[in-house]
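Asks: I need the structure of the sequence given here:
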Amino acid sequence: MQKKILGWSFFLTTLCLVSPCLAQEVQDPVVVEIVAERFVFTPSRVTVSQGSTIEFRLKSEDTSHGFLIVGTDIDVIIPKRRQGEAKVTFVADTPGSFRFECSKLCGAGHHFMRGTIEVSSTVTNKASKPDTDVGSQQ
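Replies: Residues are numbered from 1 along each chain as shown. Okay, the predicted model is just below:
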C-alpha cells in the first residue's frame with residue numbers, strides 16, 4: 001500500500017512539473033519563400049518576432065546559388081531553375097539583425113546577393129522587399 005501511495009505521489013508530482021510544458025501553444029513555423037536570381041534575393045528583408053521558427057523555401061530562377069546565414073551553421077545550395085528547392089529552418093531566439101548571403105560563386109554580381117533577417121520582440125512576422133511590406137506570413 002505504501003508503495004502505491006509513493007508511486008502515485010511521484011506520478012502526480014511529475015505531472016505537475018511537466019504540465020506547463022504541455023500547455024504551451026505549439027506554433028507552426030513561419031514559411032518564407034525566397035527566390036534567388038541575377039544577384040538578388042527576393043524578398044531581401046524578413047522581419048519576425050523573437051521566438052519564431054522560420055522555414056525558408058529557397059528557389060532559383062537561373063543558376064544554382066548558396067544561402068548562408070552569417071554566424072550560424074546554415075549554409076545550403078539552392079538548386080538551379082526547375083531543379084527543385086532547398087528548405088532550411090532558422091529559430092529566431094535572439095533579437096537583432098542577421099545577414100544572409102549567397103555562398104556559391106554565381107557570377108560577376110555575386111557579392112551583391114545579400115539580405116537581412118530582423119528579429120524583434122515586438123514586431124509581427126512579415127517578409128518584405130527593400131522598404132516595402134508584402135504582408136503577414138503567419
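
Asks: S49 and I69, how far apart?
Replies: In this view, S49 and I69 are 17 Å apart by Cβ to Cβ, to the nearest Å. (C-beta placed from N, C-alpha, C; glycine too.)

Asks: Pick out whichever of these two has more residues nearby.
Replies: I69 (20 against 17; other Cβ atoms under 10 Å).

Asks: So for R82, what pLDDT did the model give?
Replies: pLDDT recorded at R82 is 88.

Asks: That one sits in which helix or strand?
Replies: Here R82 sits in a region with no helix or strand, counting by DSSP states H and E.

Asks: Tell me how many other residues surround it.
Replies: Neighbours around R82, by other Cβ under 10 Å: 8.

Asks: what are the phi and psi angles of it?
Replies: As for R82, its main-chain torsions (degrees, to the nearest 10) stand at phi 60, psi 20.

Asks: Rounded mean pLDDT for stretch 119-130, please.
Replies: Mean predicted lDDT for stretch 119-130 stands at 62.

Asks: Going along the chain, name the strands of this structure.
Replies: Using DSSP state E, the strands assigned to the chain run over residues 30-37, 40-42, 45-49, 52-60, 65-69, 75-78, 86-92, 96-101, 114-120, 126-129, 132-136.

Asks: where in this protein is pLDDT low?
Replies: 1-26, 122-138 (pLDDT under 70).

Asks: do that again at 50, thanks
Replies: Low-confidence segments of the chain, defined by pLDDT under 50: 5-8, 10, 12, 15-16, 18-24, 123, 128-138.
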